[in-house]
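Undergrad: what's the 3D shape of this:
(one chain, ligands or ions: 1)
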Amino acid sequence: MPDDAFENVLLHLKESRAFDFTGYKRTSLQRRVRHRMTQVGIDDYTDYVDHLQVNADEFAALFNTILINVTAFLRDEDAWAALRHSVVPQLLAGIGSGEPVRVWSAGCASGEEAYSLAMVLAEEMGVEEFRKRVKIYATDVDEEALAQARQAVYGERELQGVPPELLAAYFEQSGGRYAFHKDLRRSVIFGRNDLVQDAPISRIDLLVCRNTLMYFNQETQSKILGRFHFALNPGGVLFLGKAEMLLSHGRIFEAIDLKHRLFRKSGNDSPPVTSFVSQAYFHDRRSSVDSLDRLQEHAFLSSPVAQVVVTTDEVVALINQRAQELFDLLPGDVGRPLRDLELSYRPVELRGYVERARTERRAVRSEEIEWSRGGERYWLEITANPLLDVAKRVIGVTVVFDDVSAAHRLLQDLELANRQLETAYEELQSTNEELETTNEELQSTVEELETTNEELQSTNEELETMNEELQSTNDELQAINDTLRERSGELDQVNDFLESILTSLRAGVVVLDLGMRVMAWNSGAEELWGVRRDEAEGEHLLNIDSGLPVADLRPAVRQALNDVSFTTELKITSVNRKGREVLVRVVCSSLRSASGQPNGALLVMEQQD
Ligand SMILES: C[S@@+](CC[C@H](N)C(=O)[O-])C[C@H]1O[C@@H](n2cnc3c(N)ncnc32)[C@H](O)[C@@H]1O
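TA: Sure thing, here's the model as predicted:
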């Protein structure tokens, strides 16, 4: 019995947030919504809708509570071993060497499943081949989980299920965290995809959707499985979770390994005319169907997939509504030869496909074909299927136009996002490298500064030493200066002493150096000759203008200058300072140095009365 109040909550989420939870199984969905309501202290669904309207952040919190992101690497070890050893080699052999391998992990949560797939494929193909050929599209509806997945970094606890040899080969350890190998990481493309509302990714070889389908009700599961069927290449493999099961009445998927939930899209390429149910819902449902023909006709006409049926002689037998809209066909076109309709050559030369399906008695599928109509662009995949009667005779050909525009656009968006991601990654890498370079430059600047600092330190030490030396030289000079000052004092005393002797002598005393210049001229000499001391000292004896006939004295002075033992006494008539003629006794002696050499001459002069 549906709980109207609860259904209102779901309706509100669908209308206000465009998130459709109506396809989820009610029991667990209701339990989780209640859990959130208890956390915010609300008991009534109507009040909770109010709460959702008032609090902008509440939706994110509820979303996180509802979506269960539990996952693990190689979750259910045995099933992964079966996939790796029994399924992947065969699948790869069927794809052909050099061809791309396209994988979809739907409901990938925080990425462990997608990276597990990368490891399994790289192990089976070799890393080089893997890098060249594999693309793993990993999608989820939960952006937060996707953001975590994109990081590709896991802790030890999360990596418990990864065998040590795979851990060593595919992860790089850094500070207790493990990053999935960058080279392989590039082949995994994460994107948001709502399995209930969004178009599937197409041309998939291996589709892994584990522990996700079980959250949906039977009807939604059927819808999703129909899309998976469409997404898979012929012979493509579907890998479900342990608790999930699909039952195909029309043998659209055949079991490869039922125990491990591995299925193959069957060779029969007819469109899904069956329903898929989960194990939990499986029970024998037999119901009588009235007016089967009418139902079949109605189902055909209202099918969302455009279809046209032609007879073996290429007369149009049936056209459904979607085909009429898409190709501007009219109900009156039924019964006309196909070749008379524009459809026979646009968007593609259709008759070739019809002819091959009829003669080869197998489905013939086209590549994606671009088709513009009313300003809108479509991408179609066209399949011509032979229709066989009970006797296996071809009675016609049905042409199905699968509109894969949404998938095509999603793929383009994914590829664009991938390119942008790669550019961003490269930019990040180059910024990182620049930072590393700057860091190294800074490091070397620091080293240079350290060297300069050391040099300055040693220069400083040298200057200090020099300073100390200068200080001691200064001290020595000071001492010498003191000594000199002392000596000068002593000399002054001696000079004063000599001066007083010379002054005290009444006789005129003149001292000459070896060049006959006057070194001393006492007061007696001033008195006798009338020449002042300052006029005489420093002058050559022969240049002094006095009454003394110095020319007469010259021979004696010369001899005294040459001979230390020389002394003589002369009596010379002179004119004194008063201009009187007087007789002067002159004693001329040699002046001896301390070493006993002649050092000058000494003249002692006395006026005789
Ligand atoms: C229990 S996890 C399974 C993770 C992984 N596949 C595994 O088996 O380990 C279920 C995942 O399905 C996602 N999911 C729920 N509803 C979804 C939807 N409508 N479309 C896409 N993913 C959905 C959830 O976000 C969650 O990450």
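Undergrad: Could you list which residues are in contact with residue 169?
TA: The neighbours of residue 169, taking C-beta atoms under 8 Å, 6 or more residues apart in numbering as the test, are residue 181. Using the backbone N, CA and C atoms, a C-beta is placed for each residue, glycine as well.
Undergrad: Can you give me the distance of it to residue 112?
TA: When distance is defined by C-beta to C-beta, to the nearest Å, residue 169 is 17 Å away from residue 112.
Undergrad: same deal with residue 103?
TA: 15 Å.
Undergrad: Could you do residue 323 as well?
TA: 44 Å.
Undergrad: does residue 200 sit in a helix or strand, and which one?
TA: Residue 200 is part of no helix or strand, with elements assigned from DSSP states H and E.
Undergrad: I figured it hits residue 229, correct?
TA: No - taking contacts as C-beta atoms under 8 Å, residue 200 lies outside contact range of residue 229: 9.2 Å.
Undergrad: wait, what's in contact with the residue of the stretch 401-550 of the chain found nearest the ligand?
TA: Closest contact between the stretch 401-550 of the chain and the ligand, by C-beta to the nearest ligand atom, is at residue 410 (13.2 Å). When contacts are counted by C-beta under 8 Å, 6+ apart, residue 410 is found next to 191, 193, 198, 199, 201.
Undergrad: Number of residues surrounding the second one?
TA: Right, residue 193. 23 (other C-beta atoms under 10 Å).
Undergrad: Let me see the backbone angles for it.
TA: Listed backbone geometry of residue 193 is phi -150, psi 120, with angles given as degrees, to the nearest 10.
Undergrad: Remind me which helix or strand the residue of the stretch 401-550 of the chain closest to the ligand belongs to.
TA: Secondary-structure element containing residue 410, defined by DSSP H and E: helix 405-504.
Undergrad: how many neighbours does residue 93 have?
TA: Look at residue 93: counted by other C-beta under 10 Å, it has 9 neighbours.
Undergrad: tell me which parts of the stretch 1-150 of the chain are close to the ligand?
TA: Selection of the stretch 1-150 of the chain residues close to the ligand by C-beta under 6 Å from any ligand atom yields 67-72, 75, 107-109, 113, 140-142, 145.
Undergrad: Can you say which of those residues are buried?
TA: By neighbour count, with 16 or more other C-beta atoms under 10 Å, those hold 67, 71, 72, 75, 107, 108, 109, 113, 140, 141, 142, 145 as buried.
Undergrad: Might you list the low-confidence residue ranges for the protein?
TA: Along the chain, the parts satisfying pLDDT under 70 run over 1, 246-251, 267-296, 429-430, 432-434, 436-441, 444.
Undergrad: quick one, domains of it?
TA: By the assignment in automatic domain parsing, the chain contains the domains 4-66, 77-281, 293-403, 410-504, 505-608.
Undergrad: Which one's more surrounded, residue 103 and residue 112?
TA: Each of residue 103 and residue 112 had its neighbours counted (other C-beta under 10 Å), and the higher figure belongs to residue 103 (26 against 23).
Undergrad: On the three-state scheme, the more buried one is what?
TA: strand (DSSP: H, G, I helix; E, B strand; the rest coil).
Undergrad: can you pull the contacts of it?
TA: The neighbours of residue 103, taking C-beta under 8 Å, 6+ apart as the test, are 117, 121, 134, 135, 136, 137, 204, 205, 206, 207, 208.
Undergrad: mind running it again at 6 Å?
TA: Under the criterion of C-beta atoms under 6 Å, 6 or more residues apart in numbering, the contact list for residue 103 reads 117, 136, 206.
Undergrad: As a markdown table, the residues you listed with secondary structure and neighbour count would be great.
TA: Compiled in a markdown table, the contacts of residue 103 are given as follows (DSSP: H, G, I helix; E, B strand; the rest coil; neighbours: other C-beta atoms under 10 Å):
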| residue | secondary structure | neighbour count |
| --- | --- | --- |
| 117 | helix | 27 |
| 136 | strand | 24 |
| 206 | strand | 27 |
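Undergrad: ok, so of those, who is nearest the ligand?
TA: Closest approach between the contacts of residue 103 and the ligand, by C-beta to the nearest ligand atom: residue 117, at 10.5 Å.
Undergrad: Please name the residues that touch the closest one.
TA: Under the criterion of C-beta under 6 Å, 6+ apart, the contact list for residue 117 reads 103, 105, 136.
Undergrad: would JSON lines of those residues with distance to residue 428 be doable?
TA: JSON lines is the format used below for these (distance: C-beta to C-beta, whole Å):
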{"residue": "103", "distance to residue 428": "26"}
{"residue": "105", "distance to residue 428": "25"}
{"residue": "136", "distance to residue 428": "22"}
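Undergrad: Residue 76 and residue 241 touch, don't they?
TA: No - contact status for residue 76 versus residue 241: not in contact, 7.6 Å apart, counting by C-beta atoms under 6 Å.
Undergrad: so how far is the helix holding residue 410 off the chain centroid?
TA: Here the centre of helix 405-504 is set off from its chain's centre by 35 Å, with C-alpha atoms, centre = their mean, to the nearest Å.
Undergrad: and the following helix or strand past it with helix 405-504, angle?
TA: Using DSSP H and E, the helix or strand that follows helix 405-504 towards the C-terminus is strand 508-512. Between the direction of strand 508-512 and that of helix 405-504, the angle (axes from the mean of the first three to the mean of the last three C-alpha atoms, to 10 degrees) works out to 140 degrees.
Undergrad: strands paired with strand 508-512, and their directions?
TA: strand 518-521 (antiparallel), strand 598-608 (antiparallel) (DSSP bridges).
Undergrad: And for the longest one, what's in contact with it?
TA: Which is strand 598-608. If you take C-beta under 6 Å, 6+ apart as the criterion, strand 598-608 is touched by 507-514, 557, 560-561, 564, 582-591, 593.
Undergrad: can you list the residues of the protein near the ligand?
TA: Near the ligand, when you scan the chain using C-beta under 6 Å from any ligand atom, you find 67-72, 75, 107-109, 113, 140-142, 145, 194-196, 210-212, 215, 241.
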